[in-house]
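Undergrad: Build the 3D model from these lines:
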Amino acid sequence: MDRPLKISMKNWQKLLQASLTHPEEIPARLRPATWDLKAVTARYPMRINPYYLGLIRHPGDPLWLQSIPDPIELDDRICPEDPLEEENLSPVPNLVHKYPDRALFLINSTCAMNCRFCTRKRKVGTPGFRIDSATLGQGIDYLERTPAIRDVLISGGDPLLLDDDRLEWILARVRRIPTVSIIRLGSRVPCTLPMRVTTGLARMLKKFHPLYLNTHFNHPDEITPEAAKACGRLADAGIPLGCQTVLLKGVNDQEVIIKQLMQKLLHIRVKPYYIFQGDMTRGTNHFRTPIETGMKIMRALIGHTSGMGVPRFAIDLPGGFGKVPMTPDYLVRTGGEMIFQNYQGRYCSYLDPEVAPE
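TA: Reported below is the predicted structural model:
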């Protein structure tokens, strides 16, 4: 596979610096000939680093769709800019307190790649998304004076794009809060810039257990030897890894693709955690799939592959109402004798002990 730039694939800082941020920088072989992308990127910034760009095979393939801007992003009149009401659920800048015992703490405003389906499309990479020592201090102060919060998800942008010292300082401040038991990191870096996961980073993160990391792969082609090495380093540091996949039209909305992805994730020691219905985010409506698509995919997974490889299918409800799981219905009839239909379509009875005759 050709690489678009003569640059070492080992130096993550140089790869990040060499990211494509203007439409005219897209290589001719991947450039949409008839599209004017300047209006799109003026509103929704573009960033594609050379590593991820080198994985794209041709225009229209699943990785191309996730990374190359599309004028259709500007035609979305259905979805709101902030569907999850994160701004209204932020008691201080860049901290979202939606659930009673959990908080989302945004510590970086940029990503290794600006995914075209991002739920924070309105913010990531834009000048209006400001994170500095003052906002970080406000967030840490809120966590300190809100003892109900026992679980903190650190995200962004991508927190792993901070240098090791800066990230360690933030993690140390959060870990010192006695009421915070669990720290989670949300990062797509193991997928989009896996060389960022150095041995030094893994060694530093290991200091802050219990620490979890949820990453984000959407297609089997994203699971490369480099990605496997990054996830291996994190797993070897004792960090449990989960994956949050988003259903995307034309990218992964087929049963065979999701099944292959889930199996490959297990192979690199990443537990499939969620499959998300696409958020109703302005500029992403063209990626959204019918809910029944997700239900069919779940039916194709349950019983047909290891239970370890079956994530939860969920919708993050608009308006800040939280996540709800969506599960295929295998219960056909209730009562003393319950009737179920299994993954093969066969029927089985089960006596409910609560109402079974003595």
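Undergrad: just checking, next helix/strand downstream of the worst-scoring helix or strand of the chain on mean pLDDT?
TA: Of all the helices and strands that make up the chain, strand 331-333 has the lowest average by mean pLDDT, DSSP states H and E, namely a mean of 79. Using DSSP states H and E, the helix or strand that follows strand 331-333 in sequence is strand 337-341.
Undergrad: Quick one: work out the angle between the next helix or strand after that next one and strand 337-341.
TA: Using DSSP H and E, the helix or strand that follows strand 337-341 in sequence is strand 347-351. Counting by axes from the mean of the first three to the mean of the last three CA atoms, to 10 degrees, strand 347-351 lies at 150 degrees to strand 337-341.
Undergrad: Give me the mean pLDDT for strand 347-351.
TA: If you average the pLDDT over strand 347-351, you get 88.
Undergrad: when you give positions from now on, start the count at 555
TA: Will do, 555 is the new start, and the previous item becomes strand 901-905.
Undergrad: chain center to the least confident helix or strand of the chain, what's the gap?
TA: 34 Å (CA atoms, centre = their mean, to the nearest Å).
Undergrad: so where's the stretch 555-704 of the chain uncertain?
TA: 555-560 (pLDDT under 70).
Undergrad: Repeat the analysis, applying 80 as the threshold.
TA: 555-563, 586-589 (pLDDT under 80).
Undergrad: which residues in it form helices?
TA: 566-571, 592-597, 604-607, 616-621, 687-698 (DSSP state H, counting those that start in this stretch).
Undergrad: Quick check: nearest residue in space to E698, chain neighbours excluded?
TA: I731 (5.4 Å; CB to CB, 6 or more residues apart in numbering). For the C-beta atoms, the positions are set from N, CA and C on the backbone; glycine is no exception.
Undergrad: what's that neighbour in contact with, if anything?
TA: Listed by CB atoms under 8 Å, 6 or more residues apart in numbering, the contact partners of I731 are I694, L697, E698.
Undergrad: hmm, back to that, list just the one of the helices of the stretch 555-704 of the chain that sits closest to V751.
TA: Set against V751 and scored by CB to CB, the helices of the stretch 555-704 of the chain come closest in helix 566-571, at 8.6 Å.
Undergrad: Output the closest one as PDB, restricted to C-alpha atoms.
TA: Below are the C-alpha coordinates for helix 566-571, written out as PDB (Å, rounded to 0.1, in the frame of the first residue of the first chain):
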ATOM      1  CA  TRP A 566       3.500  10.200  15.800                       C
ATOM      2  CA  GLN A 567       4.300  13.900  16.300                       C
ATOM      3  CA  LYS A 568       5.600  14.300  12.800                       C
ATOM      4  CA  LEU A 569       2.600  12.300  11.400                       C
ATOM      5  CA  LEU A 570       0.300  14.600  13.200                       C
ATOM      6  CA  GLN A 571       2.100  17.700  12.000                       C
END
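Undergrad: Pull the residues that contact that helix.
TA: So helix 566-571 is in contact with I561, S562, M563, N603, P604, Y605, A666, L715, L747, M749, R750, T752, going by CB under 8 Å, 6+ apart.
Undergrad: And it, what's buried?
TA: By 16 or more other CB atoms under 10 Å, the buried positions in helix 566-571 come out as W566, L569, L570.
Undergrad: same question, stretch 875-886
TA: So, applying 16+ other CB under 10 Å, buried residues of stretch 875-886: K877, P882.
Undergrad: For it, measure first residue to last.
TA: For stretch 875-886, the first-to-last residue distance is 30 Å (CA to CA, to the nearest Å).
Undergrad: now it, how far from the centre of its chain.
TA: 21 Å.
Undergrad: got it, and stretch 765-784?
TA: That offset, for stretch 765-784, works out to 11 Å (CA atoms, centre = their mean).
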